[in-house]
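>>> here is my input, please return the structure:
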Amino acid sequence: MVSDRDMSRRNVLKVASVTGAASLAGCIGGSGSESEGPSGTLGDWSLDINSPDPVQDRISGAEWTPPEYDDEAVANGFDRMNLGGMENDPATGWFEDYFNEKTGITSTPVTVPSADAVSKMRTLLSSQSESPAVLQISQEFFMDFVSQGWLEPVDNLWTEEAYELFPPYFQDQLTTDVDQSLDGEHTYISVAISEAHGLNYNPTVLQELGFDADFYDSATWADIREVCEEADSHSGDYHGWVWYGSGNRYPVYPFLRQTWSRGGSFVQDDGTVVVNNDAAVTTLEWQSQMIADGLLPDVMQYGEGGPSDLFLGGNLAGFGGSIGLMGLAREEWGEDTDQYDIALLPRGENGEHVSYMNTDFLAINRFAPPEKKRAGMVFMDGGRSAIASAQEYDQEGNYPANTMAWEHELLSDAQYKETAQRIGETAKVELWPNQIETYDSLVTQLQEAWLGQKSPQEALDSAQSEVDSILEQN
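Numbering: from 1, shown residues only. Below you'll find the predicted structure:
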């Protein structure tokens, strides 16, 4: 059940969402206007989420059983936008074949480079293009796309029983009323792929620095500094820690994760976004001091992929990032390596490990023909199944969003299984409108603090002023 507190937060976020979206409410029907539901939605149709079996059983078993639906109301094929080439997504390719085998419906991927995906989707959706019917959307853009009235509600996919199979943030963060073209709260997504962040570490390097091989298994931020100090004084070319410092999005992740570990939150009870909270300032002070004391490699050199490359060089004790690195580690060092392991991210002063999960969602184009939207909903149902999630972890190291995937035979002997489960259980996500714009401002200020151009408090106060302007708050 959604709490009153969350309802209050969402109502404030609705006001803060992109202005002008309300003007779409009267013209948003597009191809879906023939339905009996609200403009732009499918209304009631024949999909029965609990037939032929209850939804929990259908999507959590050894095989996925499609829901019952009227074949005549559902298209036999649709286009789906995929971020990047399919050669990089073998688990997605596997599911497309599996889905076709189970339903007879063909999902045809339309590939677009990740860097161009958002601008491409904005152009298509703002022009009310009917294709592609299904989209892959990064979670930071979720509220922006919903607030514009571009995505189709998929409420009947998500019962309370279905939500119970997924990390809590799926229901807490993804049921929203920011769509100004529709009344009330709705759900608009299913899962494409999830990237869970943990602590990737090298037991061999820790031992060579004089620590136990599992020293990072339950590390605190003080432990991280201790390893960095030892690495700095060691005669070899070792490093104890690093984070993403370059780029316009990745540098914010280590800042968010460490702030959460100290009990901080960015979205407040009243819906405002506060980036200069006490835990955030403490985090930036810790980061800035580590750099000032010369205990890290130059973090400004490392953007997306950079820490992974440094780690695979064999001299880095650990870093926080996607546990999808396990596949590259196996390629580098073999299946039974003693140079790779994973743990929960370091504990803050309150003693809590907090991880982060970045999910690409599947969503339906509001302007697609009704029969293709219905086919897309069946695809979304299968994409969140335990077997699809298990394939993502087994083939690509992506986090299995459906928690029942861990019970699937495919993952019975999966490496790092127990720790990976705990990472998902401790995942925290906070979403708000115009999130990427606020990230851009925040990263600029973080980098100025890391370079010693501003104190942590000054940098975050400047960031807060910019966030207030972007979100028109205070």
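>>> grab the nearest non-local neighbour of the residue minimising distance to the centre of the chain.
The chain has Asn358 as the residue nearest its centroid, 1.6 Å off, counting by Cα atoms, centre = their mean. Leaving aside its sequence neighbours, Asn358 sits nearest to Glu195 (Cβ to Cβ, 6 or more residues apart in numbering; 4.6 Å). Just so you know, the C-beta spots here come from the backbone N, C-alpha and C atoms, and that holds for glycine as well.
>>> quick check: the one you found touching Asn398?
Yes: taking contacts as Cβ atoms under 8 Å, Glu195 lies within contact range of Asn398: 6.4 Å.
>>> which of the two has more residues huddled nearby?
Comparing Glu195 with Asn398 by other Cβ atoms under 10 Å, the one with more neighbours is Asn398, at 26 against 18.
>>> roughly how far apart are the more buried one and Glu130?
Separation of Asn398 from Glu130 (Cβ to Cβ, to the nearest Å) stands at 30 Å.
>>> just to revisit the earlier point, which neighbours do Glu195 and Asn398 have in common?
Common contacts of Glu195 and Asn398 (Cβ atoms under 8 Å, 6 or more residues apart in numbering): Gly324.
>>> can you tell me the element Gly236 falls in?
Under DSSP states H and E, no helix or strand contains Gly236.
>>> whoops, I mixed them up, Lys102
Going by DSSP H and E, Lys102 is in helix 90-103.
>>> so which elements touch that helix?
strand 106-112, strand 189-201, helix 370-383, helix 386-396 (3 or more Cβ pairs under 8 Å, 6 or more residues apart in numbering; DSSP states H and E).
>>> between these, which one is nearest to Gly236?
strand 189-201 (16.9 Å; Cβ to Cβ).
>>> now the helix or strand following the closest one: mean pLDDT?
Heading C-terminal from strand 189-201, the first helix or strand you meet, by DSSP H and E, is helix 203-208. Helix 203-208 shows an average pLDDT of 97 in the prediction.
>>> same thing with stretch 267-284?
96.
>>> go on, stretch 118-137?
pLDDT averaged over stretch 118-137 gives 94.
>>> what sits against Leu411?
Here Leu411 is in contact with 390, 393-394, 400, 405, 417 (Cβ under 8 Å, 6+ apart).
>>> contacts for the helix holding Lys102 next, please.
64, 66, 82, 86, 105-107, 109, 192-193, 378-379, 382-383, 387-388, 391-392, 394-396, 398.
>>> and that helix, C-alpha only, in CSV?
This file holds the C-alpha atoms of helix 90-103, laid out as CSV (Å, rounded to 0.1, in the frame of the first residue of the first chain):
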residue,chain,number,x,y,z
PRO,A,90,22.7,-11.5,-26.1
ALA,A,91,20.2,-12.0,-23.3
THR,A,92,17.8,-9.6,-25.0
GLY,A,93,18.2,-11.5,-28.2
TRP,A,94,17.5,-14.7,-26.4
PHE,A,95,14.3,-13.3,-25.0
GLU,A,96,13.0,-12.0,-28.3
ASP,A,97,13.3,-15.5,-29.7
TYR,A,98,11.8,-17.1,-26.6
PHE,A,99,8.9,-14.5,-26.7
ASN,A,100,8.2,-15.3,-30.3
GLU,A,101,8.2,-19.0,-29.6
LYS,A,102,5.7,-18.6,-26.7
THR,A,103,3.3,-16.1,-28.4
